[in-house]
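> Sequence and predicted structure, then a few things I'm wondering about:
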Amino acid sequence: MVEARREFILNAVIVLALFAVPLWALMAGEPFIISLATRVAILALAAVGLNIALGLGGMVSFGHALYFGIGGYCAGILAHHAFSGTPVAFGLSGTNQMLVIWAVAMALSGLVAAVVGALSLRTSGIFFIMITLAFAQMGFFFTLSWPAYGGEDGLPIFVRNQFPGVNTMRPWELFLLAFGVLLVALVVFAMLRASRFGAALMAIRQNPDRAAAVGISPFGVKLTAFVISGMLTGLAGAMMADLSRFTSPAMMAWTMSGELIVIIILGGVGRLCAPVLGAAILVGFETLFGGWTEHWQLWLGLVLLGVVLFARGGVIGLIAGREGHG
Amino acid sequence: MSLALVLEQLLNGVQFGLMLFLMSAGLTLVFGVMGLINLAHGSLYMIGAFCCAAFAAMTGNFWLGLVAGIAAAAAAGAIIEVTVIRRLYARDHLDQVLATFALILILSEGVRLIFGPFPLYLNVPDVLRGTVDLGVTRYSLYRLALIGFGIAVAVGLWLLIAKTRLGIQIRAGESDREMIAALGVNIRWLYTVVFALGAALAGMAGALVGAIQSVQVGMGEPVLILAFVVIVIGGIGSIKGAMVGALLVGVIDTMGRFLLPRAFATFMEPSQAMGVGAALASMLIYLLMALVLILRPKGLFPAHG
């Protein structure tokens, strides 16, 4: 119980810090730091999505960049058509309303996750890792060579999309929006983990045969989790495209999938706030070390190697102890 | 579209496939014997290419460069195995993916630190310059030599695994590692040798391909992902599967890029057909992999029953 309480306090500190740092930056007039915090919040959201599949369900998806990219392209393509006043397809027009874009992004990435999941979950272990990678690579090469939406040059979003009551061009307001969505996603994750569904999912991860013996269908439960996971990551992709006002195949690159896994591992697999802490560490590392040396990835690699070899519970595990996740 | 062009593309596909085989053989051996997913295999390919290019530029001799590239990759492989990889055998796949992902970051930046940020160039050796007449078409002698080299290495590897004492130990290690340890084989040493052997093959592929592409940081990762496609199609752990998978991937990828845009051009506008054809062609091998996994979840030649 001590560990659980310690983890609860740690979670509160992490979330408050993510709020306090940009608030300080707002007072100090440092819009760059606010944008960095927004990036942390959005990457964390993407990783919360992956954490459902990977942390709770034990499904090592090496292709979540696919959903991230689908979300990004939803935002890019809809905004592109809204900007140029041309229909997307079948007479449907584009939009610059984030709520609509988010709904489309989640629906589409959920749909793709359902297809990919249904096919991939026939395999397990290394085969599952590789087939999810293969599907993401398909998406990557498709966007790379499909000329209609910029191909390898990517697709710019000239005017940031709108959200009712929010001026999305102001860094602080955009941060609050991303932070709010992240909080909702964290609550969804916590509720999911505490629910019967979450218990079934974790039971399947620990022992699929026993779970099946007590009447849980592993395939259906895992697929549902995989779809929810893809939807959240897709939502994050749409928001990331709006933050950087740019969508490109790089969002679907396999290194992006790797980065999402790295974020979760740095934080601690299956932990509620692992994505937030992991994303903060990654972005912080990139900004701090990237300023000092162009070889910052060397140091990131060494830190990551250290965490994998010697600190298997991630940073949260180091501080809050090994227990605390199902 | 002439017969000459088709033959040329087909040979390109076979050559590409054989180079992929050199990459995949090591990857599949390491997985088969040690049960390890090694994402850093592409970095060994890169190390082979860089050391070959640098040494060839220094000595003016491609062959010395090739030997240096292979040796450097094997040495790097052995060092990595002893310091890092050895700790990962007992871990789950997630830890292996992450640790070797970290190794990619470290090795890529390390190579950039040593050799600088600019690509190196490696020339085709003088003896293999020019083209040969194949009757219907002229074909690059160097690429033809790569085909011959690839086949020779494949035969050598088969002899090593089928006929030598080391090969017997490797095969025994694949089927029951506790048993061969109990029989007095030094399993730690065997693992290091297998890993270094795979690294040497990857370094060889990097050095050989380096002469027809530019040698740069990040060159290993696209090949690595293709090599994973190959071994998943072929069946992880199976050398025969790696050979079949590599040839399939090499030929289908090359022919797809060549034929699909032309096929679409028969019923679409040429500019559009190029785009659609190229997009589909680049997805083709991943479609093939997904299809194989769906129909035969353990690959075409499953190594363990």
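Right, received. Where do you want to start?
> Could you use CA atoms for every contact and neighbour count after this?
OK.
> how about the strands in chain A?
In chain A, the strands defined using DSSP state E lie at A:87-89, A:92-93, A:155-156, A:246-247.
> helices or strands next to the first one in the packing?
So that's strand A:87-89. If you count contacts as 3 or more CA pairs under 8 Å, 6 or more residues apart in numbering or on different chains; DSSP states H and E, strand A:87-89 packs onto helix A:65-84.
> ditto for the second one
When contacts are defined as 3+ CA pairs under 8 Å, 6+ apart, strand A:92-93 sits against helix A:65-84.
> tell me the average confidence for the helix it packs on?
Taken as a whole, helix A:65-84 has a mean pLDDT of 92.
> So which bits of the stretch 151-300 of chain B are right by chain A?
B:228-229, B:232, B:275-276, B:278-280, B:282-283, B:286-287, B:289-290, B:293-294, B:297-298 (CA under 8 Å from any CA of the partner chain).
> if you set the cut-off to 7 Å instead, what comes out?
Where the stretch 151-300 of chain B comes near chain A, counting by CA under 7 Å from any CA of the partner chain, the residues are B:275-276, B:278-279, B:282-283, B:286, B:290, B:294, B:297.
> In JSON lines, list those along with neighbour count.
Converted to JSON lines, these look like this (neighbours: other CA atoms under 10 Å in any protein chain shown):
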{"residue": "B:G275", "neighbour count": "19"}
{"residue": "B:V276", "neighbour count": "21"}
{"residue": "B:A278", "neighbour count": "26"}
{"residue": "B:A279", "neighbour count": "25"}
{"residue": "B:S282", "neighbour count": "22"}
{"residue": "B:M283", "neighbour count": "22"}
{"residue": "B:Y286", "neighbour count": "26"}
{"residue": "B:A290", "neighbour count": "24"}
{"residue": "B:I294", "neighbour count": "17"}
{"residue": "B:P297", "neighbour count": "20"}
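> Out of those residues, the closest to B:A246 would be?
Of all those, B:Y286 has the smallest distance to B:A246: 13.1 Å, by CA to CA.
> For the stretch 51-200 of chain B, which segments count as helices?
When secondary structure is read from DSSP state H, counting those that start in this stretch, the stretch 51-200 of chain B shows helices at B:62-83, B:93-115, B:141-163, B:165-175, B:177-182, B:187-210.
> Need these in JSON lines (columns: mean pLDDT and mean neighbour count).
As requested, the helices of the stretch 51-200 of chain B are exported to JSON lines (pLDDT from 0 to 100; neighbours: other CA atoms under 10 Å in any protein chain shown):
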{"stretch": "helix B:62-83", "mean pLDDT": "95", "mean neighbour count": "22"}
{"stretch": "helix B:93-115", "mean pLDDT": "91", "mean neighbour count": "21"}
{"stretch": "helix B:141-163", "mean pLDDT": "90", "mean neighbour count": "16"}
{"stretch": "helix B:165-175", "mean pLDDT": "84", "mean neighbour count": "17"}
{"stretch": "helix B:177-182", "mean pLDDT": "81", "mean neighbour count": "14"}
{"stretch": "helix B:187-210", "mean pLDDT": "93", "mean neighbour count": "25"}
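> Select, out of those, the one closest to A:P249.
helix B:93-115 (20.5 Å).
> Tabulate the CA atom coordinates of the closest one in PDB.
Taking C-alpha atoms only, helix B:93-115 is exported to PDB below (Å, rounded to 0.1, in the frame of the first residue of the first chain):
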ATOM      1  CA  HIS B  93      10.700  -9.300 -26.500                       C
ATOM      2  CA  LEU B  94       9.800  -5.800 -25.400                       C
ATOM      3  CA  ASP B  95      13.000  -5.400 -23.500                       C
ATOM      4  CA  GLN B  96      15.000  -6.800 -26.400                       C
ATOM      5  CA  VAL B  97      13.300  -4.400 -28.900                       C
ATOM      6  CA  LEU B  98      14.000  -1.400 -26.600                       C
ATOM      7  CA  ALA B  99      17.600  -2.300 -25.700                       C
ATOM      8  CA  THR B 100      18.500  -2.900 -29.300                       C
ATOM      9  CA  PHE B 101      16.600   0.300 -30.300                       C
ATOM     10  CA  ALA B 102      18.900   2.100 -27.800                       C
ATOM     11  CA  LEU B 103      21.900   0.400 -29.500                       C
ATOM     12  CA  ILE B 104      20.800   1.800 -32.900                       C
ATOM     13  CA  LEU B 105      20.900   5.300 -31.400                       C
ATOM     14  CA  ILE B 106      24.300   4.800 -29.800                       C
ATOM     15  CA  LEU B 107      25.900   3.100 -32.800                       C
ATOM     16  CA  SER B 108      24.500   5.600 -35.300                       C
ATOM     17  CA  GLU B 109      25.800   8.500 -33.300                       C
ATOM     18  CA  GLY B 110      29.000   6.700 -32.600                       C
ATOM     19  CA  VAL B 111      29.600   6.200 -36.400                       C
ATOM     20  CA  ARG B 112      28.700   9.900 -37.000                       C
ATOM     21  CA  LEU B 113      31.200  10.900 -34.300                       C
ATOM     22  CA  ILE B 114      34.000   8.800 -35.800                       C
ATOM     23  CA  PHE B 115      33.400   9.300 -39.500                       C
END
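> so who does residue 131 touch?
Picked chain A for this. Contacts here follow CA atoms under 7 Å, 6 or more residues apart in numbering or on different chains; on that basis A:I131 touches A:120, B:290.
> Please refer instead to chain B.
Taking CA under 7 Å, 6+ apart as the criterion, B:T131 is in contact with B:138-141.
> Now, of the residues you listed, which are buried?
Neighbour counting with 16 or more other CA atoms under 10 Å in any protein chain shown marks B:139-141 as buried within the contacts of B:T131.
> Just put these in CSV and tack on distance to chain A.
Converted to CSV, those look like this (distance: CA to the nearest CA, whole Å):
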residue, distance to chain A
B:Y139, 29
B:S140, 28
B:L141, 31
